[in-house]
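Student: Below: sequence and its predicted model.
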Amino acid sequence: MEKAIRFRETGGPDVLRYENVEVGEPGAGEVRLRHVAVGLNFADTYFRNGTYPIPLPAGMGVEAAGVVEAVGPGVTNVAVGDRVTYTGFLNTLGAYSTARLIAADPLIKLPEAISCETAAAMTMRGLTSAYLLRRIYPFHAGDSILLHAAAGGVGLIVSQWAKLLGLRVIGTVSSEEKAAVARAHGCDEVINYSHEDVAKRVRELTDGVGVSVVFDSVGKNTFMASLDSLKRRGLMVCVGTASGTIPPFDPQILARKGSLFLTRPALADYIADPAEKAELAAEVFGHVAAGRIRIEINQRYALEEAVQAHQDLESRKTTGSSVFVI
């Protein structure tokens, strides 16, 4: 009997249940996948608390890595024994499990140099970092960015990759411990938002000009400070809502603050095209395999510890990436 985390109602971490599940044989276009490691992402909490509405009961998690145990009719992109990873949205929901059936299309074969644990810790974060730095804005060496949650999983990858591109990275964190982590991974300057005025400090660090781009995964609590940190015609990238959704606002504010641009991207739209997904995956896995980007797995949990894992994540106790080890 296999195990999985499921939930029947939305709410806090305590709605998660560790249950027995049956996993049958794969149908057409499917594989049976034995998980080795499962990724823990802040997006998981959005499914659990109802921010992302889905039919219930449901499984939890959208990212994992493991070994293909069986393939169904018509599957040609992977074979039994292949090590693979995946991430997505509704098409991959149910990753918090020891084994599962899943469509073969989202699966990405792992390079030999990438372990399943590393893959589970970086596939979503790595692909997110890839589209943020390679698709969102035409960066040039010397450009400055403001990166919220700089010590988080995406933050640590973006920081390191941004330095490879010659960017100046100003990160925000909530503690001195996290500030040290952010600096060690490429942040040129770190702002502790628990006692510093973010926008004021950014202006000081940029001689009053502001940054070209803000990557804001916090949302409600940082939105206005992020806008106030941008240079004229800068780009605000709303990439998450860890503190809550951004309240409605008058778009005229973008004009008043310097003809700013704003986007709210979703990973699914940047990996929908198989060729683009393969290109982004190859680039990020290439950097990791070569040692140019380090993936920090700072928290490991057993699958049955999902409630604790979500509590740690939402209380900002975590740094880097977190995985469930199966």
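Tutor: Structure received.

Student: Any idea how far apart the tips of stretch 112-120 sit?
Tutor: 15 Å (CA to CA, to the nearest Å).

Student: mean confidence for that stretch?
Tutor: Per-residue pLDDT over stretch 112-120 has a mean of 96.

Student: What are the buried residues along it?
Tutor: 114-120 (16 or more other CB atoms under 10 Å). Where you see a C-beta, it was placed from the backbone N, CA and C, and this is true even at glycine.

Student: same deal with stretch 228-246?
Tutor: Per 16+ other CB under 10 Å, stretch 228-246 contains these buried residues: 228-231, 234-242, 246.

Student: Next, format these as a markdown table and append pLDDT and distance to Val68.
Tutor: Formatted as a markdown table, these follow (pLDDT from 0 to 100; distance: CB to CB, whole Å):
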| residue | pLDDT | distance to Val68 |
| --- | --- | --- |
| Asp228 | 97 | 49 |
| Ser229 | 98 | 45 |
| Leu230 | 98 | 45 |
| Lys231 | 98 | 48 |
| Gly234 | 98 | 45 |
| Leu235 | 98 | 40 |
| Met236 | 98 | 41 |
| Val237 | 98 | 35 |
| Cys238 | 96 | 36 |
| Val239 | 93 | 31 |
| Gly240 | 86 | 31 |
| Thr241 | 83 | 35 |
| Ala242 | 82 | 34 |
| Ile246 | 90 | 40 |
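
Student: Is it possible to get those out as JSON lines so that each row also shows distance to Ser144 and secondary structure?
Tutor: Formatted as JSON lines, the buried residues of stretch 228-246 follow (distance: CB to CB, whole Å; DSSP: H, G, I helix; E, B strand; the rest coil):
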{"residue": "Asp228", "distance to Ser144": "15", "secondary structure": "helix"}
{"residue": "Ser229", "distance to Ser144": "10", "secondary structure": "coil"}
{"residue": "Leu230", "distance to Ser144": "10", "secondary structure": "strand"}
{"residue": "Lys231", "distance to Ser144": "8", "secondary structure": "strand"}
{"residue": "Gly234", "distance to Ser144": "10", "secondary structure": "strand"}
{"residue": "Leu235", "distance to Ser144": "12", "secondary structure": "strand"}
{"residue": "Met236", "distance to Ser144": "14", "secondary structure": "strand"}
{"residue": "Val237", "distance to Ser144": "14", "secondary structure": "strand"}
{"residue": "Cys238", "distance to Ser144": "19", "secondary structure": "strand"}
{"residue": "Val239", "distance to Ser144": "17", "secondary structure": "coil"}
{"residue": "Gly240", "distance to Ser144": "21", "secondary structure": "coil"}
{"residue": "Thr241", "distance to Ser144": "24", "secondary structure": "coil"}
{"residue": "Ala242", "distance to Ser144": "23", "secondary structure": "coil"}
{"residue": "Ile246", "distance to Ser144": "23", "secondary structure": "coil"}
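
Student: Tell me which residues touch the nearest residue to Ala141 once chain neighbours are set aside, please.
Tutor: Nearest residue to Ala141, sequence neighbours excluded (CB to CB, 6 or more residues apart in numbering): Gly166, at 3.1 Å. By CB atoms under 8 Å, 6 or more residues apart in numbering, the residues touching Gly166 are 140-142.
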